[in-house]
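J.: with the input below, show me the fold.
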Amino acid sequence: MIEIHCRGCGDVMAFSQSAAGKIATCPMCGTSNKVPDVDLGGVSQGRPYTTEARPQAPSRRHGPIPATAVQSTAPNCQEAKTDTYELKPPAAAAPVPPMPAQILPPDLADLWAAVDWYRRSSFVSILVLLGVFCCGPLTLIPACLIVFTGPVFYNSLNHDGSLREWHPANKWVALALLLAFVTAMVAYVIYHNPVVS
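T.: Here you go, the predicted structure:
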């Protein structure tokens, strides 16, 4: 005969040797228990669940917690064993040192405010559009001079936190347009004011 304690309710169940190694369901609580291959002296699943062997939970609102003596009897042993547990309140957490001051990168509004108005992409784009559609060289020449002499900035950030700039190829286009305008003006002056010999 094999006797085991239910893991769920602690009820004692008895089985014949033919049930060894099989899974049995407790008739009291329905918990599945494995029947051991050999009789372990009344217990196979560990100590039965009882409330006598557990110390009471300490209250956090009261003063120091006394030591608690708990008497438990191991199922495989014939003698009672008394364990003494010193229940201590949790230690106070160490104070957290203050965080060092962090230097944060400037945000987009600060960077954009530092850009000269004539180096902003919106202003240069308006000059280019006016030059292409109505004013011609009157606005294209200043736009080309701005692009060729320095960066033009978008109102957005790169991955590194800096302002995005127009592509460097725009400088070559601006230079080509400036050379074309200079060449056209020189040709116009030569054509309309012929040299008298």
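J.: for this structure, which segments count as strands?
T.: 2-5, 12-15, 23-25, 32-34, 68-72, 81-85, 153-157, 163-165 (DSSP state E).
J.: least reliable of the ones you listed going by mean pLDDT?
T.: Looking at the strands of the chain, the lowest mean pLDDT belongs to strand 68-72 (a mean of 47).
J.: can I get the CA coordinates of the lengthiest helix in the chain in PDB?
T.: In terms of residue count, the longest helix belonging to the chain (DSSP state H) is helix 169-192. Written as PDB, here are the backbone C-alpha positions of helix 169-192 (Å, rounded to 0.1, in the frame of the first residue of the first chain):
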ATOM      1  CA  ALA A 169      25.800  69.500 -55.100                       C
ATOM      2  CA  ASN A 170      23.600  72.600 -54.900                       C
ATOM      3  CA  LYS A 171      26.900  74.700 -54.600                       C
ATOM      4  CA  TRP A 172      28.000  73.300 -58.000                       C
ATOM      5  CA  VAL A 173      24.600  74.100 -59.600                       C
ATOM      6  CA  ALA A 174      24.800  77.700 -58.100                       C
ATOM      7  CA  LEU A 175      28.300  78.100 -59.400                       C
ATOM      8  CA  ALA A 176      27.300  76.900 -62.900                       C
ATOM      9  CA  LEU A 177      24.300  79.400 -62.900                       C
ATOM     10  CA  LEU A 178      26.500  82.300 -61.700                       C
ATOM     11  CA  LEU A 179      29.000  81.500 -64.500                       C
ATOM     12  CA  ALA A 180      26.200  81.400 -67.100                       C
ATOM     13  CA  PHE A 181      24.800  84.700 -65.900                       C
ATOM     14  CA  VAL A 182      28.200  86.400 -66.000                       C
ATOM     15  CA  THR A 183      28.900  84.900 -69.500                       C
ATOM     16  CA  ALA A 184      25.400  86.100 -70.700                       C
ATOM     17  CA  MET A 185      26.000  89.700 -69.300                       C
ATOM     18  CA  VAL A 186      29.500  89.900 -70.900                       C
ATOM     19  CA  ALA A 187      28.100  88.700 -74.200                       C
ATOM     20  CA  TYR A 188      25.200  91.200 -74.000                       C
ATOM     21  CA  VAL A 189      27.600  94.100 -73.300                       C
ATOM     22  CA  ILE A 190      29.900  93.100 -76.200                       C
ATOM     23  CA  TYR A 191      27.000  92.600 -78.600                       C
ATOM     24  CA  HIS A 192      25.300  95.900 -77.800                       C
END
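J.: which parts of this protein belong to which domain?
T.: Per automatic domain parsing, the domain ranges recorded for the chain read 1-49+67-84, 108-192.
J.: for P95, find the nearest of these.
T.: Taking CB to CB as the measure, these were each checked against P95, and domain 1-49+67-84 came out nearest at 29.7 Å. Quick note: C-beta positions are derived from backbone N, CA and C, even for glycine.
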